[in-house]
Every structure is written in structure tokens, then in C-alpha cells.
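Q: need a 3D model of the sequence below.
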Amino acid sequence: MKTAKIITLIISVLLLSNVLNATTPPKINAESKANMMVDRLSKDFVLTDIQKSEINAKAKIFIEKINNANEIKDRNKLIFTKKGIYNEYKIALDSILTDEQRVQLFAKQEERKNLIISKYKNQH
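A: Predicted coordinates for the structure are as follows:
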């Protein structure tokens with residue numbers, strides 16, 4: 001009887017640990033996120049290798065700052081801090097891109113924003 005209870009307990013613990021691990025999304029490091037950001041930009045318009053490496057470096061810094069900011073408990077301070085970090089990244093990105101690329105980026109951002117708005121309106 002004791003053996004059956006122990007085996008049942010062990011199986012329950014193993015199943016529960018698998019469920020907990022399955023629900024936790026894998027952590028993606030700053031390097032991977034930065035690469036994803038550069039890849040997304042390079043789908044929108046052509047980037048030179050130098051631009052890619054510069055954007056990648058700025059994106060890593062951006063991601064690390066955002067991750068650090070996520071430790072802030074005060075919601076208003078968190079929002080204010082994240083806006084500042086985003087603006088820093090935007091300025092850095094603007095300094096790397098050409099005028100034509102900036103126009104293309106703005107157009108793509110507006111397109112994505114309008115798509116989200118139209119999806120939201122269609123749901124409600």
C-alpha cells in the first residue's frame with residue numbers, strides 16, 4: 001500500500017513539474033532579441049552590413065535597459081522609464097538609417113498601427 005502511494009506521489013510530482021515547465025516561456029537573451037529586431041527591419045528595407053551591426057549593438061543595449069526597467073515596481077515610473085528608453089533607441093536608430101529608410105520605417109510603423117486598430121475595431 002505504501003509503495004503504491006509513493007509511486008503515485010512520484011508520478012504526480014513528475015507530471016506537475018512537466019506542466020510547470022511547459023507553461024513557462026523560454027527566456028530569450030538580448031542577443032537573440034537584437035537579431036530578431038534587425039531581421040525584422042531588414043525585411044522592411046535593405047540594410048547594409050554596417051547598419052545591421054550598428055543596429056544590433058543599439059538593440060542589445062535597448063533590450064538590456066528594458067529588462068532592467070522591468071524590475072521597477074511603480075507602474076507610473078516604469079512607463080516613464082520605458083518611454084525614455086524607447087526614445088533613446090529611436091534616436092539611435094534614426095542616426096543609423098538614411099533619410100529614405102526613415103521614411104520607409106515610419107510608413108511601415110503606421111501600416112502596422114492601422115492594422116492593429118482595424119483588427120480591434122472589427123472585434124468590437
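Q: any regions of the protein where pLDDT drops low?
A: Where the chain drops to pLDDT under 70, the residues are 1-27, 124.
Q: who's in contact with the residue most central in space within it?
A: Geometric centre of the chain, nearest residue: Lys33, 6.3 Å, by Cα atoms, centre = their mean. Listed by Cβ atoms under 8 Å, 6 or more residues apart in numbering, the contact set of Lys33 reads Ala59, Ile63. Where you see a C-beta, it was placed from the backbone N, CA and C, and this is true even at glycine.
Q: do you know how far it is from Ser118?
A: With the distance defined as Cβ to Cβ, to the nearest Å, Lys33 ends up 27 Å from Ser118.
Q: what about Gln123, neighbour count?
A: By other Cβ atoms under 10 Å, 6 other residues sit near Gln123.
Q: same question for Glu64.
A: 15.
Q: by contact count, what packs against the top helix by length along the chain?
A: Using DSSP state H, we find that the single longest helix of the chain is helix 99-123. Identification of packing neighbours for helix 99-123 by 3 or more Cβ pairs under 8 Å, 6 or more residues apart in numbering; DSSP states H and E yields helix 30-44.
Q: tilt between the helix it packs on and helix 99-123?
A: Here the directions of helix 30-44 and helix 99-123 differ by 100 degrees (axes from the mean of the first three to the mean of the last three Cα atoms, to 10 degrees).
Q: flag every buried residue along the helix or strand following helix 30-44.
A: Counting by DSSP states H and E, the next helix or strand C-terminal to helix 30-44 is helix 49-69. Residues of helix 49-69 classed as buried: Gln51, Lys52, Glu54, Ile55, Lys58, Ala59, Lys60, Phe62, Ile63, Lys65, Ile66, Ala69 (neighbour count, 16 or more other Cβ atoms under 10 Å).
Q: repeat that for stretch 94-111.
A: Going by neighbour count (16+ other Cβ under 10 Å), the buried part of stretch 94-111 is Ile96, Leu97, Gln101, Gln104, Leu105.
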